[in-house]
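S.K.: 3D, please:
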Amino acid sequence: MAQERTGVATLKGNPITLIGPALQAGDQAPDFALNKSLTETAALNDYSGKIKLISVVPSIDTGVCDMQTRRFNEEAAGLGDNVVVLTVSVDTPFAQARWCGAAGVDKVVMLSDYKTNSFGEAYGVLIKEFALDMRAIFVIDQNNTIKYVEYLSEMAEHPDYDKALAAVKELL
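M.R.: As a prediction, the model looks like this:
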């Protein structure tokens with residue numbers, strides 16, 4: 001049975017339950033199998049040797065998620081080839097591709113947790129009540145050690161972009 005965490009997050013002030021562990025800096029990043037398309041998957045090791053900034057959003061079609069993904073897309077252009085920015089949501093790969101095309105987002109890699117929610121559970125961001133992933137940021141070094149984590153306590157708020165980007169730049 002997966003760990004349930006209560007009292008740590010809300011949606012517009014209403015309590016929600018997160019499933020999975022509260023990962024911390026220094027932990028080894030859990031592996032994952034996320035969909036790039038209906039038939040193609042991506043795993044943590046696919047980005048081996050790179051610094052990974054993982055931006056987790058509940059749904060790309062909401063205002064804060066849209067802005068968060070656009071912001072990291074803009075920032076990704078200046079981070080260099082040793083950094084990959086991954087955006088994870090439970091949106092289908094079709095919805096993610098449609099949104100990226102409409103938004104002109106081409107620097108972040110969109111990955112979908114829609115099939116199994118296994119990323120959400122492994123990274124402690126799966127929202128029990130909605131089967132969505134809670135907004136969070138993970139910065140993982142070239143050896144897959146977590147260097148920075150931000151779990152948002154309110155789903156409708158923005159992450160601390162500057163702290164996340166500073167954590168990436170410390171690893172460059």
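
S.K.: helices and strands around the helix or strand encompassing residue 99, which ones?
M.R.: Using DSSP states H and E, residue 99 sits in helix 93-103. Judged by 3 or more CB pairs under 8 Å, 6 or more residues apart in numbering; DSSP states H and E, the packing partners of helix 93-103 are helix 63-76, strand 109-112. Just so you know, the C-beta spots here come from the backbone N, C-alpha and C atoms, and that holds for glycine as well.

S.K.: kindly recompute the last result at 7 Å.
M.R.: Applying 3 or more CB pairs under 7 Å, 6 or more residues apart in numbering; DSSP states H and E, we find helix 93-103 packed against strand 109-112.

S.K.: quick one: distance of the strand it packs on to the chain centre.
M.R.: Relative to its chain's centre, strand 109-112 lies at 9 Å (CA atoms, centre = their mean, to the nearest Å).

S.K.: swap in stretch 124-143?
M.R.: 5 Å.

S.K.: could I get that stretch in PDB with only the CA atoms?
M.R.: This file holds the C-alpha atoms of stretch 124-143, laid out as PDB (Å, rounded to 0.1, in the frame of the first residue of the first chain):
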ATOM      1  CA  GLY A 124       5.000  11.700  -4.200                       C
ATOM      2  CA  VAL A 125       2.800  13.900  -6.300                       C
ATOM      3  CA  LEU A 126      -0.200  11.800  -7.200                       C
ATOM      4  CA  ILE A 127      -3.400  13.500  -6.000                       C
ATOM      5  CA  LYS A 128      -5.600  10.700  -4.600                       C
ATOM      6  CA  GLU A 129      -8.900  12.700  -5.100                       C
ATOM      7  CA  PHE A 130      -8.300  13.600  -8.800                       C
ATOM      8  CA  ALA A 131      -5.700  11.100 -10.200                       C
ATOM      9  CA  LEU A 132      -3.700  14.200 -11.300                       C
ATOM     10  CA  ASP A 133      -0.100  15.000 -10.400                       C
ATOM     11  CA  MET A 134       0.500  17.900  -8.000                       C
ATOM     12  CA  ARG A 135       2.600  20.800  -9.100                       C
ATOM     13  CA  ALA A 136       6.200  20.200  -8.100                       C
ATOM     14  CA  ILE A 137       9.800  20.800  -9.300                       C
ATOM     15  CA  PHE A 138      12.700  18.300  -9.200                       C
ATOM     16  CA  VAL A 139      16.300  19.100 -10.200                       C
ATOM     17  CA  ILE A 140      18.300  15.900 -10.700                       C
ATOM     18  CA  ASP A 141      22.000  15.800 -11.400                       C
ATOM     19  CA  GLN A 142      23.900  13.800 -14.000                       C
ATOM     20  CA  ASN A 143      24.100  10.800 -11.500                       C
END
